[in-house]
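1. here is a sequence together with a model predicted from it:
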Amino acid sequence: MKSAMNHVRLDLEFEPCQDHLPDAFLKADIKKHGKRHIILATDQLLEHLSKAKSWYIDGTFKLQQQLFTINAFVHTDDHAKQVPLVFILMSGRKKKDYHKIQELGLQQQYNNDRGTYQYLRQIMALAFLPEDEIEPMFEHLKAQAATDQLRQFVEYVSQTWIHNQTWPPSSWSVYMMAIRSNNDIEGWHHGLHRRASGKWHMPFYMLLDLLHQEARLTALRIRLVSEKKLKRIQRAKYRSLQAKVFALWDDFSHQRKNAQQLLRECARLNGPSRQYTQR
């Protein structure tokens, strides 16, 4: 299996030929600690990204397992759509970069132990709290970690998300913010694969041309949003989820629920299912 995965992995050990690169599309070629990240974007899309209040990162692994995008919402009045603004090719992709719970061997407990399941979902629901409530509630949860695996996990969360100057709670709290689903990007994934004629793991220069075309299509989508000719459709389940979360926030703001109650209720509504962790 490992040999097969190495076979389909995109080889980034080369120097790009400038004659085959679209003008001003290659924005950075970062090599550090034996890894490489090739960053692709147009000036116009970078300008939109610089104005976005929130960025969303997503992997497009079906087309190429080492490709991910940085996305943002563009909007005019009530017309809004999430679009990819930067494309990044990386030399490697490891499970530990994406699924810390699985890396620490907590998947089985999450799937089968109700206490672990509820505990981890509360950790993952901390973002629904006001930023000044996140650290106190995290410390409360941290004190309840009963196994070495859970203690390792909360230490990871502490270093990465709670006491990290780059990503402090103020940067990721979504308290009183509208829920943003990735429906737009899921639709874009399907369209991108269709426009690639169903090809899997494309060679670098074919992929480069395809992504440059996508950047031009993204610019068109942004213009259509600005002209109020294109808008996103929010699925009924997300509208229902948003209504429930805002009702909980209203209860908290009017002191009908405390922070611990808010966290528990949000944890019931949000988080990966047991089936998701088995993927």
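-> On my side now, so go ahead.

2. what number of residues lie near F153?
-> Residues lying near F153 (other Cβ atoms under 10 Å) number 22. Every C-beta, even on glycine, is put in place using the N, C-alpha and C of the backbone.

3. okay, how far is it across stretch 36-49, tip to tip?
-> Start-to-end span of stretch 36-49 (Cα to Cα, to the nearest Å) is 22 Å.

4. which secondary element of the protein has the worst mean pLDDT?
-> Using mean pLDDT, DSSP states H and E, helix 2-8 stands out as the lowest-scoring helix or strand of the chain, at a mean of 41.

5. so the closest residue to H75 other than its chain neighbours is in which element?
-> Of all residues not flanking H75 in the chain, V225 sits nearest, at 6.6 Å (Cβ to Cβ, 6 or more residues apart in numbering). Assessed by DSSP states H and E, V225 sits inside helix 204-226.

6. and what of L45?
-> helix 43-51.

7. so what does that helix touch, helix or strand wise?
-> Applying 3 or more Cβ pairs under 8 Å, 6 or more residues apart in numbering; DSSP states H and E, we find helix 43-51 packed against strand 67-76, strand 79-90, helix 204-226.

8. those: which one's closest to Q261?
-> Nearest to Q261, of all those, is strand 67-76, at 30.6 Å by Cβ to Cβ.

9. other SSEs contacting the closest one?
-> Applying 3+ Cβ pairs under 8 Å, 6+ apart, we find strand 67-76 packed against helix 43-51, strand 56-59, strand 79-90, helix 204-226.

10. for the residue positioned nearest the centre of the chain, give its distance to L49.
-> With distances taken as Cα atoms, centre = their mean, I57 lies nearest the centre of the chain, 3.9 Å away. Per Cβ to Cβ, to the nearest Å, I57 is found 12 Å from L49.

11. same question, L263
-> 32 Å.

12. more neighbours, these two?
-> L263 (26 against 18).

13. got the contact list for the more buried one?
-> Residues near L263 by Cβ atoms under 8 Å, 6 or more residues apart in numbering: 122, 125-126, 128-129, 137.

14. give me phi/psi at it?
-> Taking degrees, to the nearest 10, you get phi -60, psi -50 for the backbone angles of L263.

15. how much space between it and K257?
-> With distances taken as Cβ to Cβ, L263 is found 10 Å from K257.

16. I70 now?
-> From I70 across to K257, the span is 35 Å (Cβ to Cβ).

17. please apply the same query to L210.
-> 49 Å.

18. again, but for Q107
-> 31 Å.

19. L248 now?
-> Taken as Cβ to Cβ, the span from L248 to K257 is 7 Å.

20. need the overlap of contacts for those two.
-> Contacts common to L248 and K257, judged by Cβ under 8 Å, 6+ apart, are E265.

21. higher neighbour count, those two?
-> In this view L248 and K257 are compared by other Cβ under 10 Å, and L248 has more residues nearby, 20 against 17.

22. burial measure for the nearest residue to the more buried one once chain neighbours are set aside, as a count.
-> Among residues not flanking L248 along the chain, E265 sits closest, at 5.1 Å (Cβ to Cβ, 6+ apart). Neighbourhood size, E265 [other Cβ under 10 Å]: 19.

23. per-residue confidence at E265?
-> Looking at E265, its pLDDT reads 96.

24. for S226, same thing?
-> Here, the pLDDT recorded for S226 equals 80.

25. now name the helix or strand holding D251.
-> Following DSSP H and E, one finds D251 within helix 236-253.

26. using PDB, list the CA coordinates for that helix.
-> Extracted in PDB, the C-alpha atoms of helix 236-253 (Å, rounded to 0.1, in the frame of the first residue of the first chain):
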ATOM      1  CA  ALA A 236     -32.000  23.200   5.200                       C
ATOM      2  CA  LYS A 237     -30.000  21.200   7.800                       C
ATOM      3  CA  TYR A 238     -27.500  24.100   8.100                       C
ATOM      4  CA  ARG A 239     -30.300  26.600   8.500                       C
ATOM      5  CA  SER A 240     -31.800  24.500  11.200                       C
ATOM      6  CA  LEU A 241     -28.400  24.100  12.900                       C
ATOM      7  CA  GLN A 242     -27.700  27.800  12.800                       C
ATOM      8  CA  ALA A 243     -31.100  28.600  14.300                       C
ATOM      9  CA  LYS A 244     -30.400  26.200  17.200                       C
ATOM     10  CA  VAL A 245     -26.900  27.600  17.900                       C
ATOM     11  CA  PHE A 246     -28.200  31.200  17.800                       C
ATOM     12  CA  ALA A 247     -30.900  30.200  20.300                       C
ATOM     13  CA  LEU A 248     -28.300  28.800  22.600                       C
ATOM     14  CA  TRP A 249     -26.200  32.000  22.300                       C
ATOM     15  CA  ASP A 250     -29.200  34.100  23.100                       C
ATOM     16  CA  ASP A 251     -29.800  32.000  26.200                       C
ATOM     17  CA  PHE A 252     -26.200  32.500  27.300                       C
ATOM     18  CA  SER A 253     -26.200  36.300  26.600                       C
END
